[in-house]
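Visitor: sharing a model prediction with you, sequence too.
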Amino acid sequence: MIRFYTAMSAHVFNEHASSIVGEVPPEIGQPQVWLEREQDRERAGVLLARIEADAGEAGTRRCAACGEESPASFDLCWKCGSGL
């Protein structure tokens, strides 16, 4: 079966508002992503779960381009910017 994926349209609110947390409730000052289409909700949830799992990945990865070690959760080498 061939699957075709379409882009999810979303808007990010409060992207730079984290500095006001403490003065306002966290749910107001934290970044929010709002989907344009309700039918994208399930796919967005899967994507967020994958991002959270990757962020919790422990260890390091060695860059093939420069040999530097970067945290396993990085997608790019912190030193040279090459893809890991």
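Guide: Sure, I can see it.

Visitor: please, where are all the helices along the protein?
Guide: All helices of the chain, identified by DSSP state H, fall at 26-29, 41-55.

Visitor: got the buried residues for the least confident helix or strand in the chain by mean pLDDT?
Guide: Counting by mean pLDDT, DSSP states H and E, the chain has its least confident helix or strand at helix 26-29, which shows a mean of 76. In terms of neighbour count (16 or more other Cβ atoms under 10 Å), helix 26-29 has its buried residues at Gly29. Quick note: C-beta positions are derived from backbone N, CA and C, even for glycine.

Visitor: out of the helices of the chain, which gets the lowest mean score?
Guide: In terms of average pLDDT, helix 26-29 trails the rest of those, at a mean of 76.

Visitor: the residue nearest the centre of the chain: what's it in contact with?
Guide: Centroid check for the chain by Cα atoms, centre = their mean gives Ile51 as the closest residue, at 5.3 Å. Under the criterion of Cβ atoms under 8 Å, 6 or more residues apart in numbering, Ile51 has no contact partners.

Visitor: quick one: it from Ser73, how far?
Guide: Noted for Ile51: a distance of 10 Å to Ser73, by Cβ to Cβ, to the nearest Å.

Visitor: who touches the least confident helix or strand of the chain?
Guide: Under Cβ under 8 Å, 6+ apart, the answer for helix 26-29 is 14, 17-18, 20-23.

Visitor: of all these, the one with the weakest confidence?
Guide: Among the contacts of helix 26-29, pLDDT bottoms out at Val21, giving 69.

Visitor: export the helices of the chain to TSV and tack on distance to Thr6?
Guide: Shown next, in TSV, are those (distance: least, Cβ to Cβ, whole Å):
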stretch	distance to Thr6
helix 26-29	29
helix 41-55	9
